[in-house]
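could you work out the structure for the sequence below:
(chains A, B and C)
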Amino acid sequence: MDSSLLADLNEPQRQAVMHTDGPLLIFAGAGSGKTSVLTRRIAYLIQQHNVAPYNILAVTFTNKASKQMKERIASLVGDMVARDLWAGTFHSVCARMLRERGDEIGIDQRFIIYDTDDQIALVKESLKELELDDKTYQPRAILSRISWAKEKLITARELRSRSEHKPFDRGVAAVYKLYQEKLKLANALDFDDLIVECVSLLKDSEAARAHYQRRFQYVHCDEFQDTNKSQYELLRLLSKQHKNLCVVGDDDQSIYAFRGADIQIILDFENDFPDAKVVKLEQNYRSTKTILNAAYHVVKNNKDRTEKRLWTEKPDGEHIVLMETPNENAEGAAIASEIRRLSQSGDYQFSDIAILYRTNAQSRAIEEQLYRLSIKYKIVGGLRFWERREVKDIVAYLRVTLNPNDSVSMRRIINVPARAIGSTSMAAVNQFASQQGLTFWQALKRCDEVGLPARSRNAIAGFVKMIEYFQASALRKSVPDFIKDVLETSGYLADLRNERTEEARGREENLGELVSVAKQYEQREAWQNPVEAEDSEGDDPFADVADDLLTDYPRELGSFLEEISLVADIDSYEEGANSVTLMTLHSAKGLEFPIVLMAGMEEGIFPHMRSFDSQTDLEEERRLCYVGITRAKERLYMSFAETRTVFGCTKRNPISRYITEIPQSLYIPVSMRPSALSNSIPAFDPDTRRTVAPPVPRWADVSTPQPKKLSPQAQIDLPFKAGDKVTHAKFGRGTVVQIVPDNGDAKVSVAFPSPVGIKTLMASFANLEKSA
DNA sequence: CCGTGATCATTTTTT
DNA sequence: ATGATCACGG
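Numbers count the residues shown, from 1 in each chain, chains lettered A, B, ... in the order given. Below you'll find the predicted structure:
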């Protein structure tokens, strides 16, 4: 067994695996086999050192990463053994510890988790109560400040005391305080609280501290460069007794400073743990020399990094292709046609290809062009399922059923669908509640005592009755059945059906999807978590909550809600289906693809405008670029558009500075544009931030040779010409009258039968299909 | 109380 | 461009 665990490891990797006792810092460059080392190390502990899996903790940032880790460890040591290993995200680990032991610091273990929308709602409420103006105190800004404080373990009180000369922080501190009270009242914790409260638990409860410190003989943390102060504190507390803290990270891939990740933590680790062993993994097993070279030349421009350079035994590989296009539609078209070419060559499948961009908004133009060429794609992120209105509404019903004191969810649904409980009634009930010192829910139940017209009182009484019915229903029904019950009984579905719009149809479908998600959950749980499962990472977060707390408590519903509170976009990403993957550069971290296309390599897009005035932010963006480049195994494309329409107005962006940092010998510029300007590729002048012609233009032709003057049709690849019959989704069949080129797109005039008449449509939006 | 229309701000990244 | 919020009138 020993030999198989260590067999195919290189020397530093082997050292990392075999250094079991004492703190260990592994600098793991991109593609250096980091996950492999981490999983082998854990397997090694179990098999060679007879450590019980129960005594090992592995923390990651995404569910996907932890799931993957569990699977890989299971394949090394067997399912039954791996079951007892505790592997999860920071948030899920903390949530679980708080469910087990939260009562020791006064947390009701049935707490629910508030997401960003809920948080915003709560901040708005607080602002109103404090009579603070939401223009000077924008809820988002307040919230991010509160979050900033929590990540640094700064309490409302501390924030206030250090805000002497900072009027904004004074306001924030006031909101922070009230916000926390409201959370408490709703028996809710926000994302940051999960960590913060867990740290409190370990600090303030002797018993809990002793329990967990004894238990966790070995603590591991993946993506350590992304940890913030509170998370680091948690790791230190957990590993304090046995002092076996193993962290893996890469300062060059730190891209989450905006949400509190502190790169300094990994850089200071050796100071905090003077006896730490440090291992550097610098051999890359993923990318070609060209790609690695490019990545290095970009990231080396950062000042705040430890110098290191990855190397590989792989060949030089293909040149990077740099594509210039007139606008974002043409960029999408160029990407799409290149993807088609690659797949037709037979060397690559769609699933080998990823398109990465800085912001989600960029995906639309690309999607349209992929769709045009019938290239299958899937998107990670963007409009998320769990954030859709209808889904959130129904989830709010579930939450209220579980916990009627969840004020945010209550407000959300009390009049959705409309049941004649408007703001006047709400205000009255609210006032009554604070007068009598009641919760909102208690006040609702006693609405007869509120001075309201009978009509309103009846409406409220009906609502209260409905919720009470749901509470009973939840106890005897399975989660999916219960959700169906809610959909019907609340009238939500009926309301939706009445709308008879395309949009409502879509919403209805999403709700159907919600039911099937619940079904899947139910099946998975039943299969994975036989009733006795005690400490298996079987994901019933209520497994350890004292039984007396749970009488009359629909625990299945509770754990379902927990699971869906902690999902990330990337968690739903699965390899397999043969389609191109589109996602943000952030989501791409940790993944790899034979072919990567990075779109929108322009100043203002990437680096994003918002980072222009901060050196730190620009360096973070640069690391993001590094992450993007190093996702590629074989071929890398970068594209930029000469003009781009953002917020409805068209801008001209200079080429990204990061491209200019890549040695010219590594890439081949390609112009997808017929205009005269295309004779020179713009180069970035760091002084003026403008593009200038390079000294020696080096041109290669596009894969399919382009004529000097491209007809607009060919340029955007329209499958029809004047005189052809086409079909439009709304207007039906018509005849193309005229095609006028329009800056990489085309205006197409189509004659439809009356009463529609002649319409002029933008080709890229109209989705015209040629018909016989 | 509810729906409509106007105005407005918004878009970086996410557990 | 799109979506959210707000003011007004039914």
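
could you check how far stretch A:375-390 is from the centre of its chain?
Distance of stretch A:375-390 from its chain centroid, counting by C-alpha atoms, centre = their mean, to the nearest Å, is 11 Å.

wasn't A:His220 part of a strand?
Yes: A:His220 forms part of a strand when assessed by DSSP: H, G, I helix; E, B strand; the rest coil.

name the nearest residue to it, sequence neighbours excluded.
A:Ala58 (4.4 Å; C-beta to C-beta, 6 or more residues apart in numbering). For every residue, glycine as well, the C-beta is placed using N, CA and C.

which one's the longest helix in chain A?
helix A:502-528 (DSSP state H).

list the contacts of whichever helix or strand comes after it.
Next in sequence after helix A:502-528, counting helices and strands by DSSP states H and E, comes helix A:555-565. Helix A:555-565 has contacts (C-beta atoms under 8 Å, 6 or more residues apart in numbering) with A:95, A:110, A:112-113, A:115, A:386, A:395, A:398-399, A:401-402, A:474, A:478-479, A:482, A:517-518, A:521-522, A:525, A:539-542.

what of stretch A:177-188?
Taking C-beta under 8 Å, 6+ apart as the rule, stretch A:177-188 contacts A:108, A:110-114, A:118, A:122-123, A:125-126, A:129-130, A:146, A:156-157, A:160, A:189-190, A:193, A:403, A:405-408, A:439.

what's the PyMOL syntax to select whichever of those are buried?
Those of those that count as buried under 16 or more other C-beta atoms under 10 Å are selected in PyMOL with:
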select buried, chain A and resi 110+111+112+113+114+118+122+123+125+126+146+156+160+189+190+193+403+405+406+407+408+439
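
the contacts of stretch A:177-188 in strands, which ones?
Of the contacts of stretch A:177-188, the ones assigned to strands by DSSP state E are A:112-114, A:189-190.

so which of these comes closest to DNA strand C?
When the ones in strands among the contacts of stretch A:177-188 are compared for distance to DNA strand C (C-beta to the nearest atom of the strand), A:Tyr114 wins out at 15.9 Å.

where do the helices of the stretch 1-150 of chain A begin and end?
Along the stretch 1-150 of chain A, counting by DSSP state H, counting those that start in this stretch, helices occupy A:2-6, A:11-18, A:34-48, A:63-77, A:79-82, A:90-101, A:116-129, A:139-151.

out of the ones in strands among the contacts of stretch A:177-188, the closest to DNA strand B would be?
Using C-beta to the nearest atom of the strand, A:Asp190 comes nearest to DNA strand B of the ones in strands among the contacts of stretch A:177-188, at 8.4 Å.

before we move on, back to that, so who does the residue nearest to A:His220 touch?
Going by C-beta under 8 Å, 6+ apart, the list of residues near A:Ala58 reads A:38, A:42, A:66, A:69, A:85-88, A:220-222.

repeat that for 7 Å
A:42, A:69, A:85, A:87, A:220 (C-beta atoms under 7 Å, 6 or more residues apart in numbering).

same question for A:Arg652.
A:642-643.

switch to 6 Å and redo it
A:Thr643 (C-beta atoms under 6 Å, 6 or more residues apart in numbering).

list the beta-bridge partners for it.
A:Thr643 (DSSP bridges).

any idea how far A:Ser639 is from it?
16 Å (C-beta to C-beta, to the nearest Å).

I'd like the distance between the closest residue to DNA strand C within chain A and A:Ile659.
Going by C-beta to the nearest atom of the strand, DNA strand C is nearest to A:Gly648 of chain A, at 3.7 Å. Going from A:Gly648 to A:Ile659 by C-beta to C-beta gives 27 Å.

could you do A:Leu438 as well?
Taking C-beta to C-beta, one finds A:Leu438 at 62 Å from A:Ile659.

the two - which one has more neighbours?
A:Ile659 (26 against 15; other C-beta atoms under 10 Å).

okay, and A:Val400 sits in which element?
Going by DSSP H and E, A:Val400 is in helix A:389-402.

what packs against that helix?
If you count contacts as 3 or more C-beta pairs under 6 Å, 6 or more residues apart in numbering; DSSP states H and E, helix A:389-402 packs onto helix A:407-413, helix A:454-476, helix A:502-528.

that one and DNA strand B in contact?
No: Helix A:389-402 lies out of reach of DNA strand B by C-beta under 7 Å from any atom of the strand, never closer than 13.8 Å.

and the angle from that helix to helix A:454-476?
Helix A:389-402 and helix A:454-476 are oriented at 80 degrees to each other (axes from the mean of the first three to the mean of the last three C-alpha atoms, to 10 degrees).

give the buried residues for helix A:389-402.
For helix A:389-402, by 16+ other C-beta under 10 Å, it's A:390-402.

can you check stretch A:226-240 too?
Judged by neighbour count (16+ other C-beta under 10 Å), stretch A:226-240 contains these buried residues: A:226-239.

and which of those is nearest to A:Met601?
The shortest gap between A:Met601 and any of the buried residues of stretch A:226-240 belongs to A:Asp226, at 24.3 Å (C-beta to C-beta).

quick check, that closest one in contact with A:Ala261.
Yes: between A:Asp226 and A:Ala261 there is a contact under C-beta atoms under 6 Å: 4.5 Å.

what does the stretch 151-300 of chain A put close to DNA strand B?
Selection of the stretch 151-300 of chain A residues close to DNA strand B by C-beta under 7 Å from any atom of the strand yields A:191-192, A:255, A:258-259.

compare these and tell me which is most surrounded.
Going by other C-beta under 10 Å, A:Ile255 tops those with 23 neighbours.

how about residues contacting stretch A:118-130?
A:134, A:137, A:139, A:142-143, A:174-175, A:178-179, A:182, A:190, A:408.

CSV for those, including pLDDT?
Shown next, in CSV, are these (pLDDT from 0 to 100):
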residue, pLDDT
A:Asp134, 74
A:Tyr137, 82
A:Pro139, 84
A:Ile142, 87
A:Leu143, 89
A:Ala174, 90
A:Val175, 90
A:Leu178, 91
A:Tyr179, 92
A:Lys182, 89
A:Asp190, 92
A:Val408, 84
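
pull the CA atoms of stretch A:424-432 into CSV?
Provided in CSV are the C-alpha atoms of stretch A:424-432 (Å, rounded to 0.1, in the frame of the first residue of the first chain):
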residue,chain,number,x,y,z
THR,A,424,-50.7,49.7,5.9
SER,A,425,-51.6,46.5,7.6
MET,A,426,-48.0,45.4,7.9
ALA,A,427,-47.0,48.7,9.5
ALA,A,428,-49.9,48.4,12.0
VAL,A,429,-48.9,44.9,13.0
ASN,A,430,-45.3,45.9,13.3
GLN,A,431,-46.2,48.7,15.6
PHE,A,432,-48.4,46.5,17.7
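
shaky segments in chain A?
Scanning chain A for pLDDT under 70 picks out A:1-3, A:382-383, A:526-541, A:543-551, A:568-577, A:673-772.

near DNA strand B, which residues of the stretch 401-550 of chain A show up?
A:415, A:418-425, A:456.

restricted to helices, list the residues you listed.
Under the assignment DSSP H, these contribute A:423-425, A:456 to helices.

chain center to stretch A:229-237: distance?
Using C-alpha atoms, centre = their mean, the offset of stretch A:229-237 from its chain centre is 22 Å.

for stretch A:624-634, same thing?
For stretch A:624-634 - counting by C-alpha atoms, centre = their mean - the centre lies 18 Å from the chain centre.
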